[in-house]
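Colleague: Build me a structure from this.
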Amino acid sequence: MEIFIGLAGLIIAWLTYNKTFNSKPDEERNNLLGIFIATQKLHLEVQSIIQKYIDDNDGANHQLYTNITFQQYLIVAKQEYDKGLSDKVYQELKTNKNYTKSNIATFQDMIYTQHNALLQFRSQLLFLEPSKQVEN
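Modeller: Coordinates of the predicted model:
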C-alpha cells in the first residue's frame, strides 16, 4: 500500500511539473496577441491624428517637439509600425511555436510599455491646437 501511495504521489508530482513547466504557452500567446492587436490599432489611431493635424492645419512643418516636425514624426512612426507592429510581425508571433513562456512574457512587457506610451501621447495629441509658428 505504501508503494502505491508513493507511486501515486510521484505521478501527481510529475504531472504537476509537466503542466507547470513544459506545457505549451497557448494562453500566454493569446494574451500577447490581444495586446498586440490593441497596440496596432492605437498606433494607427495616433498616426491618423497626426495626419489629420497636418492636413487640417497645413502642419507638416509645424514643430511637434524641438527640431522635430509633425511630418518627420509621422514618417518615423510609420517606419516603426512596419518594423514592430505590422501584420507580418503579428503572424510571426502567432505561428512561431518555438517561443517559450518567458519569451512571450518579455514580448508582452515590451508591447505593454509601448501601448502605455501611445496612450499618453494620444491624450496629448487630442489637445493640439493649430500652431501659428513660421515654417522653416
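
Colleague: Closest to the centroid, which residue in the chain?
Modeller: Ile111 (3.0 Å; Cα atoms, centre = their mean).

Colleague: my guess is it meets Leu33, correct?
Modeller: No. Using Cβ atoms under 8 Å, Ile111 is not in contact with Leu33, being 9.9 Å away. C-betas here are computed from N, CA, C, even on glycine.

Colleague: where does the chain have low pLDDT?
Modeller: Applying pLDDT under 70 to the chain flags residues 7-8, 17-23, 130-136.

Colleague: re earlier: show the contacting residues for the residue nearest to the centre of the chain.
Modeller: When contacts are counted by Cβ atoms under 8 Å, 6 or more residues apart in numbering, Ile111 touches Leu32, Ile35, Phe36, Thr39.

Colleague: Could I get the phi/psi values of Asn31?
Modeller: Backbone torsions of Asn31, given as degrees, to the nearest 10, read phi -60, psi -40.

Colleague: typo on my end, Ile104
Modeller: phi -60, psi -40.

Colleague: now the helices for this protein?
Modeller: Along the chain, counting by DSSP state H, helices occupy 2-21, 26-57, 70-84, 87-95, 101-125.

Colleague: With Gln63 as the reference, name the closest of those helices.
Modeller: Among these, helix 70-84 comes nearest to Gln63, with 8.0 Å by Cβ to Cβ.

Colleague: And stretch 95-103, what's buried?
Modeller: Within stretch 95-103, the residues scored as buried using 16 or more other Cβ atoms under 10 Å are Tyr99, Asn103.

Colleague: CA-only coordinates of that stretch, as PDB, when you get a sec.
Modeller: The C-alpha trace of stretch 95-103 is given here as PDB (Å, rounded to 0.1, in the frame of the first residue of the first chain):
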ATOM      1  CA  THR A  95       2.700  30.900 -35.700                       C
ATOM      2  CA  ASN A  96       6.200  30.600 -34.200                       C
ATOM      3  CA  LYS A  97       5.900  27.700 -31.800                       C
ATOM      4  CA  ASN A  98       9.500  28.000 -30.500                       C
ATOM      5  CA  TYR A  99       8.700  30.900 -28.200                       C
ATOM      6  CA  THR A 100       8.800  29.900 -24.600                       C
ATOM      7  CA  LYS A 101       6.600  31.400 -21.800                       C
ATOM      8  CA  SER A 102       9.400  33.700 -20.800                       C
ATOM      9  CA  ASN A 103      10.000  34.900 -24.400                       C
END
